[in-house]
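Participant: Predicted model, plus sequence, below.
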Amino acid sequence: MLRAIGDDIRGTRARDGAGPRIEFCRSRRIHFARFAILDDPDRGAGRKRLLFSSNYDGHLDDHLAELVAITTDMSAIWGACEAYSGVERFADFVRAHALAPNAFYIAFRDETVESIHRHIARGRALRERLDAARRRPSCGRSRNGSRN
């Protein structure tokens with residue numbers, strides 16, 4: 001379950017329903033995303049860094065365009081970050097500050113978000129059909145298992 005963003009990078013608690021929203025459930029590309037606010041003692045006492053990590057299908061530019069499209073207020077999330085200059089330059093900002101991973105976990109190799117959703121839907125439909133079949137009497141037996 002995805003939870004609403006709580007504290008912003010300055011530690012200010014967002015009021016219920018008042019903060020920015022990233023509607024991850026609308027995403028057709030994002031498998032996983034995480035935000036973390038990290039201490040940054042190398043840059044001074046009380047300094048923080050915003051970490052965003054995601055696993056997505058396709059190319060970075062498409063991923064970032066989708067992230068912008070499913071977010072209600074990009075500047076409320078990223079605006080306290082140094083060098084962030086607005087949603088129009090978000091892709092440039094990310095490219096300038098991104099670190100490539102040394103490794104990452106792939107749960108379903110060669111599966112996209114859409115194909116995983118299709119598999120889940122097929123599994124649910126099959127489960128419903130099997131449950132319905134179990135509820136029907138068959139081969140001359142009543143629902144309680146005795147012969148008619």
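Facilitator: Perfect, I can see it now.

Participant: Show me which positions of the longest helix that the chain contains end up buried.
Facilitator: Longest helix of the chain, by residue count under DSSP state H: helix 113-135. Neighbour-count burial for helix 113-135 flags Val113 (criterion: 16 or more other CB atoms under 10 Å). All C-beta spots, glycine's among them, are computed from the backbone N, C-alpha and C.

Participant: which residues sit against that helix?
Facilitator: 27-31, 57, 108, 111, 143 (CB atoms under 8 Å, 6 or more residues apart in numbering).

Participant: Make a ChimeraX selection of the buried ones in those.
Facilitator: In ChimeraX, this line selects whichever of those come out buried by 16+ other CB under 10 Å:
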select :27,29,30,31,57
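
Participant: For Ala98, see how far away the residue lying closest to Met74 once chain neighbours are set aside is.
Facilitator: In space, and not counting its chain neighbours, Met74 is closest to Val87: 4.4 Å by CB to CB, 6 or more residues apart in numbering. The gap separating Val87 from Ala98 is 17 Å, by CB to CB, to the nearest Å.

Participant: Tell me which of those two has more neighbours.
Facilitator: Val87 (15 against 10; other CB atoms under 10 Å).

Participant: For Gly86, grab phi and psi.
Facilitator: Backbone torsions of Gly86, given as degrees, to the nearest 10, read phi 120, psi 160.

Participant: That one: what's it in contact with?
Facilitator: Taking CB under 8 Å, 6+ apart, one finds 74-75 in contact with Gly86.
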